[in-house]
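*Asks:* Sequence first, predicted coordinates after that:
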Amino acid sequence: MDMTLIADLASRLPHGVRLQRLTAGARQYFNCGAVALLKLEDGSLRPIAADGLAREAIGRRFEVAQHPRLAAILASRAPTRFEPGNKLPDPYDGLLDNQLGQPLPVHDCMGISLHIDGQLWGALTLDALHNTVFDDDAQMKLQQFVLLAAASIRMSQLEQENTSLRSGLGNIGTDAPLPRGEIEIIGHSTVLQRLLHELDVVADSELPVLLMGETGTGKELFARRLHFRSRRSKAPLVHVNCAALPETLAESELFGHVKGAFSGATADRPGRFDAADGGTLFLDEVGELPLVIQAKLLRVLQNGEIQRLGSDKTLRVNVRIVAATNRQLRDSVKDGDFRADLYHRLSVYPVQIPPLRERDSDVLEIAGNFLELNRTRLGLRSLRLSPSSEQALLAYDWPGNVRELEHVVSRAALRAVSRGARHADIVTIEPELLGLDTAASPLAASGDPASPTAIAGGTCLPSMKTALDACQRQMIHAALERSAGRWSDAARLLGLDPSNLHKLAKRLGLKNTAE
């Protein structure tokens, strides 16, 4: 057994590093194609760490009931091997990372269940592209190796618990089970992990939080995290879409009304604030609220009191407000469309949700999650991205963010099936199925950044993307000149994160100078 992995048990390592080294060491020790460590959560296995699998595999959630091989592994404490030629579908078919980028099926695999403190925790799986990798000796070695894996997981859990206690977050860690009702936020990028830690810190306070970000970034998911990581987690979380509230009904919906308050009000009716009493009220698209409602909302934030429509009586409510907007509320205040005093009350703790284009390879993990959902929905054996499709997803700017990514993956899966893909195939999504506008026009492909595109009337103009790329190149060159070739300083001048500048430079053909 690799002595480095044994030595890791006595070392202080970050959670992700420890488990990633475990899977990488296992792959080398067993001389196989891929190793994955999966945690059992609500009937699904979630990859915690993997080595040798495509990046998008990390974002997948494998429902045990739909994967008989995984179910068999979990059902036994002994190693379970599936002989080459076994007819049971393999969850990793087409997902093993290989230099040729071909959708090769797994030929040999085995796995073993993992138990921590006597409880079923998850599984360790090993896969190979060759027929004779896992013999009787390998199965015996796996029985020994699983003891090391369990010790590494337990050590990682203890370190997470200690870190959480030191930071005042109770027992919350990156591998902590999700509270009931919370939807998982997928991704391992630095910017996302920093944001999640910040939200976990502010969640336990009673401060109003304003979530800001582009449309489709998943602000509702972050609001749910705030609620379920707070001391109000057992109380209601009430979602109000302010943009969908008709102005004539907004007051009644939020604060309730009494019998006879208006035509058709035949009985007293509590509002959303009543429903959220003791819990959290999530005001989505809060910038769309009419000014008259904004004044009443301000009163609740100041005094904790509501007044139902048609009543002179005030009622006390204990509600935490989390609001979200894709507007620039500061500009709305200047324009007179949003009250300045309400803005300051709502933005006691403002949080900027990063767009998908700033989350590096998170796009592949999230795509993996949507691929698995569509594979199940369409009854396919395997659904994967080609290497060129992965590059296309990474290069695209995602103006619609995660919502757009979900639609792109779902459409691509349907297109693949409609073009003749069979359910027993390893279905590979190529860039043309994605339908992303990431390629330059045919004329621009000649290498001239100013190559024109013909338009109606015979006039030739650069395509929009070509012109934009040329402008970005010029700006990067100018920033590098001003910063004497220092990329970090150039990124600061351009208002970009250095990693995003390098990625943009690579897409624009400046790769050699960027690295």
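*Replies:* Great, that's in hand.
*Asks:* the helices in the stretch 151-300 of the chain, which residues?
*Replies:* 190-203, 219-228, 247-255, 272-275, 291-303 (DSSP state H, counting those that start in this stretch).
*Asks:* Same question for the stretch 351-500 of the chain.
*Replies:* 362-378, 387-395, 401-418, 431-434, 464-482, 487-494, 498-507.
*Asks:* how about those helices in JSON lines, adding mean pLDDT and distance to E184?
*Replies:* Every residue, glycine included, has its C-beta placed from N, CA and C. Conversion of those to JSON lines gives the following (pLDDT from 0 to 100; distance: least, Cβ to Cβ, whole Å):
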{"stretch": "helix 362-378", "mean pLDDT": "95", "distance to E184": "9"}
{"stretch": "helix 387-395", "mean pLDDT": "93", "distance to E184": "20"}
{"stretch": "helix 401-418", "mean pLDDT": "95", "distance to E184": "13"}
{"stretch": "helix 431-434", "mean pLDDT": "94", "distance to E184": "24"}
{"stretch": "helix 464-482", "mean pLDDT": "72", "distance to E184": "34"}
{"stretch": "helix 487-494", "mean pLDDT": "79", "distance to E184": "31"}
{"stretch": "helix 498-507", "mean pLDDT": "78", "distance to E184": "24"}
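*Asks:* right, so those: which one is the most enclosed?
*Replies:* helix 362-378 (a mean of 21; mean count of other Cβ atoms under 10 Å).
*Asks:* Pull the residues that contact that helix.
*Replies:* Residues from elsewhere that reach helix 362-378 (Cβ atoms under 8 Å, 6 or more residues apart in numbering): 54-63, 66, 186-189, 192, 356, 380, 382-385, 390, 393-394, 398, 402, 405-406, 409-410, 413-414, 417, 423, 429.
*Asks:* Stretch 273-280 now?
*Replies:* So stretch 273-280 is contacted by 223, 226-227, 230, 232, 235-238, 254-256, 281, 300, 306, 315, 317-322 (Cβ under 8 Å, 6+ apart).
*Asks:* what comes up buried for it?
*Replies:* 273-277, 279-280 (16 or more other Cβ atoms under 10 Å).
*Asks:* Could you list the low-confidence segments of the stretch 151-300 of the chain?
*Replies:* 160, 162-182 (pLDDT under 70).
*Asks:* ok, 50 please
*Replies:* Within the stretch 151-300 of the chain, the ranges that satisfy pLDDT under 50 run 171, 174.
*Asks:* May I see the buried residues of stretch 25-43?
*Replies:* Applying 16+ other Cβ under 10 Å to stretch 25-43 flags 25-27, 29-30, 32-40 as buried.
*Asks:* again, but for stretch 129-147
*Replies:* Of the residues in stretch 129-147, those buried (16+ other Cβ under 10 Å) are 129, 133-134, 138, 141-142, 145-146.
*Asks:* okay, the residues you listed in TSV with distance to D268 next?
*Replies:* As requested, those are arranged in TSV below (distance: Cβ to Cβ, whole Å):
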residue	distance to D268
L129	68
V133	71
F134	69
A138	71
K141	70
L142	65
F145	65
V146	61
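*Asks:* a markdown table for these, including pLDDT, distance to L104 and secondary structure?
*Replies:* What follows is those, written out as a markdown table (pLDDT from 0 to 100; distance: Cβ to Cβ, whole Å; DSSP: H, G, I helix; E, B strand; the rest coil):
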| residue | pLDDT | distance to L104 | secondary structure |
| --- | --- | --- | --- |
| L129 | 84 | 6 | coil |
| V133 | 85 | 14 | coil |
| F134 | 91 | 17 | coil |
| A138 | 93 | 20 | helix |
| K141 | 94 | 25 | helix |
| L142 | 95 | 23 | helix |
| F145 | 93 | 25 | helix |
| V146 | 93 | 27 | helix |
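*Asks:* re the thing from before, turn the buried residues of stretch 25-43 into JSON lines, columns for pLDDT, secondary structure and distance to L114.
*Replies:* Formatted as JSON lines, the buried residues of stretch 25-43 follow (pLDDT from 0 to 100; DSSP: H, G, I helix; E, B strand; the rest coil; distance: Cβ to Cβ, whole Å):
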{"residue": "G25", "pLDDT": "92", "secondary structure": "helix", "distance to L114": "16"}
{"residue": "A26", "pLDDT": "93", "secondary structure": "helix", "distance to L114": "12"}
{"residue": "R27", "pLDDT": "94", "secondary structure": "helix", "distance to L114": "17"}
{"residue": "Y29", "pLDDT": "93", "secondary structure": "helix", "distance to L114": "17"}
{"residue": "F30", "pLDDT": "93", "secondary structure": "helix", "distance to L114": "16"}
{"residue": "C32", "pLDDT": "92", "secondary structure": "coil", "distance to L114": "18"}
{"residue": "G33", "pLDDT": "91", "secondary structure": "coil", "distance to L114": "20"}
{"residue": "A34", "pLDDT": "94", "secondary structure": "strand", "distance to L114": "17"}
{"residue": "V35", "pLDDT": "96", "secondary structure": "strand", "distance to L114": "13"}
{"residue": "A36", "pLDDT": "96", "secondary structure": "strand", "distance to L114": "12"}
{"residue": "L37", "pLDDT": "96", "secondary structure": "strand", "distance to L114": "8"}
{"residue": "L38", "pLDDT": "96", "secondary structure": "strand", "distance to L114": "9"}
{"residue": "K39", "pLDDT": "96", "secondary structure": "strand", "distance to L114": "9"}
{"residue": "L40", "pLDDT": "96", "secondary structure": "strand", "distance to L114": "9"}
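*Asks:* Out of those residues, which comes closest to E247?
*Replies:* Each of the buried residues of stretch 25-43 was scored against E247 by Cβ to Cβ, and K39 proved nearest at 47.3 Å.
*Asks:* any idea how far the residue most central in space within the chain lies from W487?
*Replies:* Note on the chain: the residue nearest the mean C-alpha position is I186, at 3.0 Å, using Cα atoms, centre = their mean. Separation of I186 from W487 (Cβ to Cβ, to the nearest Å): 29 Å.
*Asks:* Quick check: closest non-adjacent residue to I73.
*Replies:* G111 (3.9 Å; Cβ to Cβ, 6 or more residues apart in numbering).
*Asks:* Can you check the pLDDT for that neighbour?
*Replies:* We note a pLDDT of 96 for G111 in this prediction.
*Asks:* Tell me the bridge partners for it.
*Replies:* On the basis of DSSP bridges, G111 is bridged to T80, T125.
*Asks:* Identify the residues contacting it.
*Replies:* Here G111 is in contact with 69-70, 73, 79-80, 123-126 (Cβ under 8 Å, 6+ apart).
*Asks:* swap the cut-off to 7 Å and go again
*Replies:* With contact set as Cβ atoms under 7 Å, 6 or more residues apart in numbering, G111 has these partners: 73, 80, 123-126.
*Asks:* Closest to C242 out of those residues?
*Replies:* Nearest member of the contacts of G111 to C242, counting by Cβ to Cβ, is A123, at 44.2 Å.
*Asks:* Distance to A150 added to the helices of the stretch 151-300 of the chain, as a markdown table?
*Replies:* Below are those laid out as a markdown table (distance: least, Cβ to Cβ, whole Å):
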| stretch | distance to A150 |
| --- | --- |
| helix 190-203 | 25 |
| helix 219-228 | 28 |
| helix 247-255 | 51 |
| helix 272-275 | 45 |
| helix 291-303 | 49 |
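*Asks:* Of those helices, which is nearest L329?
*Replies:* helix 291-303 (11.1 Å).
*Asks:* Next, the buried residues of the next helix or strand after that closest one.
*Replies:* Once helix 291-303 ends, the next helix or strand along the chain (criterion: DSSP states H and E) is strand 305-307. Judged by neighbour count (16+ other Cβ under 10 Å), strand 305-307 contains these buried residues: 306-307.
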